[in-house]
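Asks: pasting the sequence and the predicted coordinates here, then a few questions.
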Amino acid sequence: MPVYEYKCRKCGKVFEKFLRSLAAASTVKCEKCGSSKVEKLVSCCAISSGGKGRDTGSSSSSSSCGTCSGGTCSTCH
């Protein structure tokens with residue numbers, strides 16, 4: 001289920017909201033001031049392929065992940 005980012009137009013607070021349906025979006029209020037004048041922000045998301053050996057979309061030709069020297073740590077696999 002999606003988590004959306006909102007920004008309050010009244011006080012400027014940025015907050016996240018877990019919504020079960022699109023209808024619930026009309027009832028979102030600011031966590032700080034309670035205003036219903038909020039705008040949904042465009043957020044980045046991460047998608048995992050879930051399997052070994054699949055292309056991760058990285059443009060790097062190196063096998064190391066930057067944490068180790070040669071692609072031998074657990075985050076490289």
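Replies: Now that the structure is in, tell me what you want to look at.
Asks: stretch 3-20: end-to-end distance?
Replies: According to C-alpha to C-alpha, to the nearest Å, stretch 3-20 extends 9 Å from its N-terminal end residue to its C-terminal end residue.
Asks: what about it, average pLDDT?
Replies: Along stretch 3-20, the predicted local confidence has a mean pLDDT of 93.
Asks: please identify the buried residues of that stretch?
Replies: Applying a neighbour-count criterion of 16 or more other C-beta atoms under 10 Å, one finds 4, 6, 8, 15, 17 buried in stretch 3-20. Just so you know, the C-beta spots here come from the backbone N, C-alpha and C atoms, and that holds for glycine as well.
Asks: which of those residues fall in strands?
Replies: Of the positions in the buried residues of stretch 3-20, 4, 6, 8, 15, 17 sit in strands, assigned by DSSP state E.
Asks: and the residues you listed as a markdown table, adding distance to I47?
Replies: Conversion of these to a markdown table gives the following (distance: C-beta to C-beta, whole Å):
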| residue | distance to I47 |
| --- | --- |
| Y4 | 17 |
| Y6 | 22 |
| C8 | 29 |
| F15 | 23 |
| K17 | 21 |
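Asks: going by distance to T27, which of those wins?
Replies: Sorting these by distance to T27 puts K17 at the head of the list, at 9.8 Å, by C-beta to C-beta.
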